[in-house]
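Asks: would you be able to build a 3D model of this:
(3 chains)
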Amino acid sequence: MEEGTGVNTGLPNLGDKSKVLDVKPLRFLVPRFPDASNGPPFFFAPPNGPFPSGFSPFSPFSGPQGSPSTPDLNQNEFCSTAVPIRSFRAEPPDSNGQNVPKQKSSGSSSVQKKAKKRKVFEFAFTALDNFNPGISASERDDGNRELVENVLWRFDALRRKLSQMEDATEPHSGIIKRSVLKASNVMMSKGVRTNAIKRIGVVPGVEIGDIFFFRLELCLVGLHAQSMAGIDPMPMKGDLEGERVAVSIVSSGGYDDDVEDPDVLVYTGHGGNASGDKEASDQKLVRGNLALERSLHRANEVRVIRGFQDSTHQTSKVYVYDGLYKVQESWTEKGKSGCNMFKYKLVRIPGQKGAFATWKMINKWKEGLSPRDGLILPDLTSAAESVPVSLVNEVDDEKGPAHFTYLSTVKYSKSFKLLQPSFGCSCHDACQAGNLNCSCFKKNGGDLPYTAYGILVCRKPMIYECGSSCPCLRNCKNRVTQTGFKVHFEVFKTRDRGWGLRSWDPIRAGTFICEYAGEVIDNIDAKQDGGDDESNEYAFHTDRVYESFKWNYEPELVGEESSNTNEDYDIPSPLIISSKNSGNVARFMNHSCSPNVFWQPIMYERNNEVLLHIAFFAKRHIPPMTELTYDYGIPRSDEKGSNNAEYGKKKCLCGSAKCRELTVYRKLETIYGDVFRRLAGDDVELLEKCQNAWCFT
DNA sequence: GATTAGTCAGTGAT
DNA sequence: CATCACTGACTAAT
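Replies: Here you go, the predicted model:
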């Protein structure tokens, strides 16, 4: 193995943690991008293309905003009743505009007690009636991995956008925000979903360990069809009418049914809860409860989704798909209220990849109840960050990367200052979403680029955050990337790609991961940097050729023109950041051709300098302990080292004699993904091996 | 169309 | 200022 490069210098002096580690992030794999002509499979079909059979246009929204008019038969423009989103803003309270959807006459509501009837935020837009979901009828019935990912990102992108629109309403106006429901309503009715046919056992495209943040995401990919109920029943062919088995259950922790063994779940039946004026009662053997009882006798596989509190967002939940279980026994027992409750013991079918068990283990590490195997350092940043970063090697005896200085942000030498006319807004306290006067928002096109949770709404050519000359405080929502990362990282030794980065926490799509820290150099310096090409491997170049991808919402779904979501980078002048001598966790992120992280240029001012930063965000939901990767991009011809063999030669796992010169490598998975999955079948190990293999193309 | 459910987000009390 | 119980609004499937 070459990648160790013999740097096994033993344990560094742990007393001085500014000098730890010097293992290179492996940057030898240069991706080749697929031909533009056969680009990503799920981009939008022509707007007036034929509908897939079985697809019927629908009335977009159930609310009064829905267009009552007949669909536009021209089919190539927006609905005539469509209102651009931007036309709707929260009106000042004294306005008597009739199309203001909320009830806010401050005078009467403060006097009248019962007048605080709350309203749901209504979106003043109409989606295209003839929107083509790009998903055929058969794909809607039976999915695969690509479809599942496609549906999930499109849902989340829309949800983020709606969330941003809702956030822009006045705070304390009593308006309920329902972006999740609205987004899923649009997705469902537009046919942007998959695995819509109920089934027992594996759901194609959903993998054990996948995480979700809303129950409706489970519905959209066919994992669990009930939006609220915990048990999903399905009629059996040839069965007596009304007889159903359970195909999936969601355990939300609401019934206090925790068991120590992660492979066992004791699940409480539904019903019997006290609510409102209803008293608690005995549970009845009906619906879901009956279905679970039948699943016990028929011994069918039951999918289990485990839900619990999200540690990063206390108010919301995370759901983990934990694979297939079987009902082993059932009984009744008296609950706290003294009423009978049904209990079902489910046991995990052996041989499946760990999911929930991993979560339980991580919790124990966090609480100090059990040690992390292979832990070398509990915090390689020496408390430079607000969250510790663990250093772990469970693979071999290398004691860590060699020396580098930990640096939490990007460092410009004087000559690289980017000077721009005065920045800064005049908001006090914190910039409020929806404030039309905030000049920082104006630079971002009029919106706060993040949701209230600090999630990136859209990729943009450039994002402007508030800086040190803005009077707003540090908790201003427009300072997401300058306040440090929030997830617990682990720098770990990979089996075959040197050191890598992953997280102990689940990460939502759009979450700020970290900045690329290091020293800004220019291309001349990089070229004159002597004979060895080391610095290349630690350099982040903004001007490489990056594979384009779509991450933002579909404007057609909110009645906007598609020009509103430009996702191309716009960097005033090329930037090279070297993390060779100093950097943060970003220097350990490896390359992937199907990455789960992307970068976004950010600008903000500090000490009268307006500087460009590179911030990484989660491309999709990322389960704990999943390696974080981004696209390293292809060097342009004038980049140092780009025309020699270094990138390709350094390491290819295919071991082929053809590995030389400008050979480029891709993960086999990106080429043969589905074929692998079919061939590997139940053999999880084989599949993983295939997915992790690299080859030249 | 009525019913059902282990939702989800905002509010006000500790 | 967290956390928690409460409650209103709304969903997908049946």
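
Asks: packing partners for the lengthiest strand in chain A?
Replies: Using DSSP state E to define each element, chain A has its longest strand at strand A:317-334. In terms of contacts (3 or more C-beta pairs under 8 Å, 6 or more residues apart in numbering; DSSP states H and E), strand A:317-334 is packed against strand A:211-212, helix A:215-220, helix A:287-298, strand A:302-309, strand A:340-348, helix A:356-367. (Glycine included, C-beta is placed from N, CA and C.)

Asks: can you do 6 Å?
Replies: Secondary-structure packing of strand A:317-334 (3 or more C-beta pairs under 6 Å, 6 or more residues apart in numbering; DSSP states H and E): strand A:211-212, helix A:287-298, strand A:302-309, strand A:340-348.

Asks: if you compare these, which one is most tucked away?
Replies: strand A:211-212 (a mean of 24; mean count of other C-beta atoms under 10 Å).

Asks: output the set of residues of chain A in proximity to DNA strand C.
Replies: By C-beta under 7 Å from any atom of the strand, the residues of chain A that approach DNA strand C are A:62-63, A:117-120, A:176, A:178, A:181, A:184-185, A:188-189, A:196, A:198, A:216, A:219, A:225-228, A:233-234, A:276, A:314.

Asks: what about the residues you listed, which are in strands?
Replies: Per DSSP E, the residues of chain A next to DNA strand C map to strands at A:119, A:120, A:176, A:233, A:234.

Asks: which among these count as buried?
Replies: Those of those that meet the buried threshold are A:233, A:234, by 16 or more other C-beta atoms under 10 Å.

Asks: excluding covalently adjacent residues, which one is nearest to whichever residue of the stretch 401-550 of chain A sits closest to DNA strand C?
Replies: Per C-beta to the nearest atom of the strand, residue A:475 is where the stretch 401-550 of chain A lies closest to DNA strand C, at 9.3 Å. Nearest non-adjacent residue to residue A:475, counting by C-beta to C-beta, 6 or more residues apart in numbering: residue A:430, 5.9 Å away.

Asks: list the contacts of that neighbour.
Replies: Shown in contact with residue A:430 (C-beta atoms under 6 Å, 6 or more residues apart in numbering): A:472, A:473, A:475, A:476.

Asks: and these near DNA strand B, which?
Replies: Okay, of those, nothing touches DNA strand B (C-beta under 7 Å from any atom of the strand).

Asks: distance to residue A:590 and pLDDT added to these, as CSV?
Replies: Formatted as CSV, these follow (distance: C-beta to C-beta, whole Å; pLDDT from 0 to 100):
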residue, distance to residue A:590, pLDDT
A:472, 37, 88
A:473, 37, 84
A:475, 34, 80
A:476, 34, 89
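
Asks: ChimeraX command for the buried members of those residues?
Replies: Restricted to buried positions by 16+ other C-beta under 10 Å, the ChimeraX selection for those reads:
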select /A:472,476
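
Asks: out of the contacts of residue A:430, who's nearest residue A:131?
Replies: residue A:476 (36.2 Å; C-beta to C-beta).

Asks: can you confirm that closest one is in a strand?
Replies: No: counting by DSSP: H, G, I helix; E, B strand; the rest coil, residue A:476 is not part of a strand but coil.

Asks: state the helix or strand in which the nearest residue in space to it that is not next to it in sequence lies.
Replies: Nearest residue to residue A:476, sequence neighbours excluded (C-beta to C-beta, 6+ apart): residue A:430, at 4.2 Å. For residue A:430, there is no enclosing helix or strand under DSSP states H and E.

Asks: cool, residue A:147 as well?
Replies: Counting by DSSP H and E, residue A:147 is part of helix A:145-167.

Asks: roughly how far does the residue of the stretch 1-150 of chain A found nearest DNA strand C sit from DNA strand B?
Replies: Closest residue of the stretch 1-150 of chain A to DNA strand C, C-beta to the nearest atom of the strand: residue A:120 (3.5 Å). Using C-beta to the nearest atom of the strand, to the nearest Å, we find residue A:120 at a distance of 9 Å from DNA strand B.

Asks: could you list every residue that touches that residue?
Replies: A:176, A:178.

Asks: from residue A:180, how far out is it?
Replies: Per C-beta to C-beta, to the nearest Å, residue A:120 is found 12 Å from residue A:180.

Asks: with residue A:624 instead?
Replies: Distance from residue A:624 to residue A:180, counting by C-beta to C-beta: 23 Å.

Asks: kindly report the same for residue A:199.
Replies: For residue A:199, the distance to residue A:180 - C-beta to C-beta - is 25 Å.

Asks: between these two, which has more neighbouring residues?
Replies: Shown here are residue A:199 and residue A:180; by other C-beta atoms under 10 Å, residue A:180 has more neighbours (18 against 15).

Asks: pretty sure the more buried one contacts residue A:214?
Replies: Yes: between residue A:180 and residue A:214 there is a contact under C-beta atoms under 6 Å: 5.3 Å.

Asks: list the contacts of the residue in the stretch 551-697 of chain A that DNA strand B sits nearest to.
Replies: Minimum separation of the stretch 551-697 of chain A from DNA strand B (C-beta to the nearest atom of the strand) falls at residue A:621, amounting to 13.5 Å. The contact partners of residue A:621, taken as C-beta under 6 Å, 6+ apart, are A:211, A:508, A:509.

Asks: low-confidence stretches in chain A?
Replies: Where chain A drops to pLDDT under 70, the residues are A:1-117, A:238-242, A:254-258, A:276-277, A:414-423, A:523-536, A:638, A:640-697.

Asks: which parts of it belong to which domain?
Replies: For chain A, automatic domain parsing gives the domain ranges A:31-94+A:120-196, A:207-272+A:281-373, A:380-410+A:448-644, A:657-697.

Asks: so of those, which one's packed in deepest?
Replies: Taking mean count of other C-beta under 10 Å, domain A:380-410+A:448-644 is the most buried of the domains of chain A, at a mean of 19.

Asks: what strand or helix carries the closest residue to residue A:365 other than its chain neighbours?
Replies: In space, and not counting its chain neighbours, residue A:365 is closest to residue A:372: 4.8 Å by C-beta to C-beta, 6+ apart. Assigned by DSSP H and E, residue A:372 belongs to no helix or strand.

Asks: residue A:372 and residue A:513: what is the separation?
Replies: Residue A:372 is 21 Å from residue A:513, by C-beta to C-beta.

Asks: so what strands line up beside the longest strand of chain A?
Replies: strand A:211-212 (antiparallel), strand A:302-309 (antiparallel), strand A:340-348 (antiparallel) (DSSP bridges).

Asks: so does the shortest one get close to DNA strand B?
Replies: Spelled out, it's strand A:211-212. No: if you take C-beta under 7 Å from any atom of the strand as the test, strand A:211-212 misses DNA strand B, and the best it gets is 8.5 Å.

Asks: can you check the second one too?
Replies: Yes: looking at strand A:302-309 against DNA strand B by C-beta under 7 Å from any atom of the strand, the contacts come from residue A:307.

Asks: got the angle for that strand vs helix A:287-298?
Replies: Inter-element angle recorded for strand A:302-309 and helix A:287-298: 130 degrees (by axes from the mean of the first three to the mean of the last three C-alpha atoms, to 10 degrees).

Asks: which residues does strand A:302-309 contact?
Replies: Counting by C-beta under 6 Å, 6+ apart, A:224, A:246, A:248-253, A:295, A:317, A:319-322, A:325, A:356 sit against strand A:302-309.

Asks: out of the strands paired with strand A:317-334, nearest to residue A:449?
Replies: strand A:211-212 (24.2 Å).

Asks: what's next to the closest one, contact-wise?
Replies: By C-beta under 6 Å, 6+ apart, strand A:211-212 touches A:218, A:318, A:319, A:320, A:506, A:621, A:623.
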